[in-house]
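1. based on what follows, work out the 3D shape:
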Amino acid sequence: MSPTPANLESLPAAFTRRVAESGHQPALIFHDGQQYQHWDWLQLSSEASRAAVALVRAGCKPGDLIVQVSENRREWIVADLAIMLAGCVHVPLHATLSAAQVQSQIRDCQPQAIIVSNQDQADKLAVWGGASLAPGTLSLFTHDLCNTPFQPGPDLTRLSD
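-> As a prediction, the model looks like this:
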């Protein structure tokens, strides 16, 4: 049977189904700087669910846009899944974009939240300082601890600590 709009599964539904079917099977393999680590589907689901709760607690609602500026890393995957589980829309920006390009795209889409990976990405916001957004309406999350021009939200990589 070919997919039709009536029988297509949403990505969050497909992820939830896969977690139920594959549980302890490997879902993600990554290098932690010293060795390779494996997360099974249950661990990936747990991390993504915790991050989704953090987004909702920060005021993100279904349909809200959430920008992520990050290199390829396990936290990118967790954030992507969390955004979808929260019912929000992921707006991934390339980590190689200049500060002016990142700021322009953020101003254009007016996200509810921004996720940056590290200090290099946070610095792209520092020049701008979020001036075009009303104070208190934008949440910032970081994968790594870093200084930012905004009051930071919970660190998405440390939700399980």
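2. surely residue 117 touches residue 69?
-> Yes: proximity of residue 117 to residue 69 meets the contact threshold set by C-beta atoms under 8 Å, at 6.8 Å. Just so you know, the C-beta spots here come from the backbone N, C-alpha and C atoms, and that holds for glycine as well.
3. which residues do these two both contact?
-> Shared contacts of residue 117 and residue 69 (C-beta atoms under 8 Å, 6 or more residues apart in numbering): residue 95.
4. give me the contact list for the helix ranked longest in the chain.
-> Longest helix in the chain, counting residues (DSSP state H): helix 41-57. Helix 41-57 is touched from outside by 15-16, 18-19, 22-25, 27-28, 39, 66, 77-79, 81-83, 85-86, 88, 113, 139, 141, 153-154, 156, 159-160, with contacts defined as C-beta under 8 Å, 6+ apart.
5. what element comes up after it heading to the C-terminus?
-> strand 65-70 (DSSP states H and E).
6. angle of that following strand against helix 41-57?
-> In terms of direction (axes from the mean of the first three to the mean of the last three C-alpha atoms, to 10 degrees), strand 65-70 departs from helix 41-57 by 120 degrees.
7. just checking, what packs against strand 65-70?
-> Strand 65-70 makes packing contacts with helix 74-85, strand 89-94, helix 99-109, strand 113-116, helix 119-126 when contacts are defined by 3 or more C-beta pairs under 8 Å, 6 or more residues apart in numbering; DSSP states H and E.
8. got a list of what the closest residue to residue 99 other than its chain neighbours touches?
-> Of all residues not flanking residue 99 in the chain, residue 124 sits nearest, at 3.9 Å (C-beta to C-beta, 6 or more residues apart in numbering). Contacts here follow C-beta under 8 Å, 6+ apart; on that basis residue 124 touches 69, 97-99, 102-103, 116.
9. which pair in these spans the largest distance?
-> 98 and 116 (14.4 Å; C-beta to C-beta).
10. what's the spacing between the residue nearest to the spatial centre of the chain and residue 73?
-> Geometric centre of the chain, nearest residue: residue 79, 2.6 Å, by C-alpha atoms, centre = their mean. As judged by C-beta to C-beta, to the nearest Å, residue 79 and residue 73 stand 10 Å apart.
11. who touches both of the two?
-> Counting by C-beta under 8 Å, 6+ apart, the common neighbours of residue 79 and residue 73 are residue 143.
12. shaky segments in this protein?
-> Low-confidence segments of the chain, defined by pLDDT under 70: 1-7, 127-137, 147-161.
13. try it again with 90
-> 1-9, 32-33, 57-59, 107, 110, 113, 116-119, 122-161 (pLDDT under 90).
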